[in-house]
Each structure stands twice: as C-alpha cells, then as structure tokens.
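*Asks:* Provide a 3D model corresponding to the input given below.
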Amino acid sequence: MVGIIGRFLTHTPHTMNKAFVKESDHEDDEDGGDGNAPALPAGSKNYMTRKGYEALLRELDQLVRVERPKLVEVVAWAAGNGDRSENGDYIYGKKKLREMDRRIRFLTKRTANAEVVDPERQQGVEQVFFGATVTLYDVEADRDERWQIVGVDEANASEGKISWVSPLARALMRAREGDTIHFQSPSGARELEVVQIEYLA
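*Replies:* All right, here's what the predicted structure looks like:
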C-alpha cells in the first residue's frame with residue numbers, strides 16, 4: 001500500500017485547456033476496468049472533467065485512509081478465531097479486501113492517467129466538444145433533452161451525463177447550434193436538433 005499511497009499523494013494530472021483533440025492523438029490505457037466500470041477505448045486517453053477527477057480522488061482517499069485499514073483490522077480479528085478454512089468472517093473479509101484492493105489499483109491507474117478538461121476553459125465553445133452541456137430537441141418525440149459529455153467513469157444517464165465514447169456523444173462532436181444530427185440508438189434511429197451548447201463548471 002505504500003506505493004499506492006505515494007502515487008496518490010504525489011500525482012499531478014495532465015490538464016488540457018484546448019479544444020478536444022482528435023481521436024488519433026490518444027494514448028494507450030491497458031486497464032479494462034475493475035469488473036464494473038467501463039473500459040477505455042484502445043489507444044485513448046482518460047478524458048475527465050475536473051469534478052469527475054476530484055470525485056475519483058475522494059473515493060480513492062476514502063478507501064486508502066479509512067475503509068481499508070478498518071477492513072484489515074476485521075480480517076486480523078477474524079483470523080484469530082480458529083480454523084480459517086471454516087471461518088466465514090475471515091473468508092468474507094479476505095474476499096472484500098481483494099475487491100477493495102482491485103478498486104484501489106483501478107482508481108490509482110485511472111487518476112494517474114487522467115487528462116483533465118475544465119469545461120469552463122474550453123475553446124471553440126460554438127461547437128460541441130468534451131465537457132459541453134448540450135440541449136437537444138427530439139424531433140420525433142417533440143421534446144427537449146439535455147446532456148453533458150463527460151468521461152467514461154463519470155457517465156450517469158440519470159444525472160444527464162453521457163460518456164464521450166457513447167454513440168450520441170460521438171454524433172454530437174463538432175456540431176453547432178441549429179445543426180440536426182442523426183444517430184443509431186439502442187431503440188432505433190433518432191433525429192435531434194442542437195438547440196444550445198454550454199460549457200459549465
């Protein structure tokens with residue numbers, strides 16, 4: 001854990017203030033996720049908003065400084081309670097510890113490889129790039145919807161956040177207000193008009 005803690009304390013992310021770069025500029029990221037999180041596309045950087053980056057750091061700090069030490073104490077206590085092969089507390093504790101360590105390794109790598117993009121400092125704000133919050137008009141459904149384009153570890157549809165690698169985000173890239181985009185969603189073809197583009201904190 002010394003190495004993990006050291007990397008966590010000393011890591012400074014790359015910060016990107018210019019417009020979202022071309023896909024061919026991406027670097028490799030070998031981490032396919034922790035089993036629950038989405039994998040980054042091969043050869044891509046881990047683009048992330050400042051808020052998303054700080055949220056992952058807070059989770060990592062909580063795991064390393066608080067939750068893991070507590071779990072280690074529980075496992076040590078359970079280890080002293082007889083035959084480990086039949087000790088449910090010990091077996092469960094070791095399983096949870098392995099899962100936690102896997103999450104810590106995942107978060108450490110994801111934050112170490114982060115390319116942080118501050119939406120408020122984005123250039124080319126008349127077009128859709130990473131970090132944009134886009135209001136769309138769904139022609140068929142006759143309703144507006146609003147999405148922010150964020151990193152793969154930040155995406156949450158219930159919060160109106162979609163990953164930059166999602167079909168909708170890819171279709172929106174470089175679009176301008178008034179443009180109409182077409183893309184294939186899981187439910188079928190969709191036609192959307194770009195109503196407003198904002199870059200918010």
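
*Asks:* isn't residue 144 right up against residue 160?
*Replies:* No: in this structure, residue 144 is not within contact of residue 160 by C-beta atoms under 8 Å, at 11.7 Å. In this view, the C-beta of every residue, glycine as well, is placed from N, C-alpha and C.

*Asks:* Quick one: neighbours of residue 176, just the number.
*Replies:* 10 (other C-beta atoms under 10 Å).

*Asks:* Now for it: which residues touch it?
*Replies:* By C-beta atoms under 8 Å, 6 or more residues apart in numbering, the residues touching residue 176 are 126, 127, 128, 194, 197.

*Asks:* ok, which stretches of this structure are helices?
*Replies:* 2-10, 50-62, 68-79, 88-112, 167-172 (DSSP state H).

*Asks:* Work out the gap between the fourth one and the centre of the chain.
*Replies:* Read it as helix 88-112. Relative to its parent chain, helix 88-112 has a centroid offset of 18 Å by C-alpha atoms, centre = their mean, to the nearest Å.

*Asks:* Mind giving me the packing neighbours of that helix?
*Replies:* The helices and strands touching helix 88-112, judged by 3 or more C-beta pairs under 8 Å, 6 or more residues apart in numbering; DSSP states H and E, are helix 2-10, helix 50-62, helix 68-79.

*Asks:* Can you spell out the domain ranges of this protein, please?
*Replies:* 2-117, 120-198 (automatic domain parsing).

*Asks:* What residues sit buried inside the lengthiest strand in the chain?
*Replies:* Longest strand of the chain, by residue count under DSSP state E: strand 188-198. Buried residues in strand 188-198, defined by neighbour count with 16 or more other C-beta atoms under 10 Å: 190, 192, 193, 194, 197.

*Asks:* same for that strand, what does it pack against?
*Replies:* By 3+ C-beta pairs under 8 Å, 6+ apart, strand 188-198 packs against strand 133-138, strand 180-185.

*Asks:* So which residues make contact with it?
*Replies:* 125-128, 132-140, 144, 172, 175-184.

*Asks:* most centrally placed residue in the chain?
*Replies:* Among the residues of the chain, the one closest to the centroid is residue 153, at 1.4 Å (C-alpha atoms, centre = their mean).

*Asks:* ok, now which ones touch it?
*Replies:* By C-beta under 8 Å, 6+ apart, the neighbours of residue 153 are 37, 38, 46, 48, 52, 56, 110.

*Asks:* wait, the third one sits on residue 115?
*Replies:* Yes: checked against C-beta under 8 Å, the pair residue 46 and residue 115 is within contact range at 6.1 Å.

*Asks:* Which one's more surrounded, the two?
*Replies:* Set residue 46 next to residue 115 and count neighbours by other C-beta under 10 Å: residue 46 wins out with 25 against 19.
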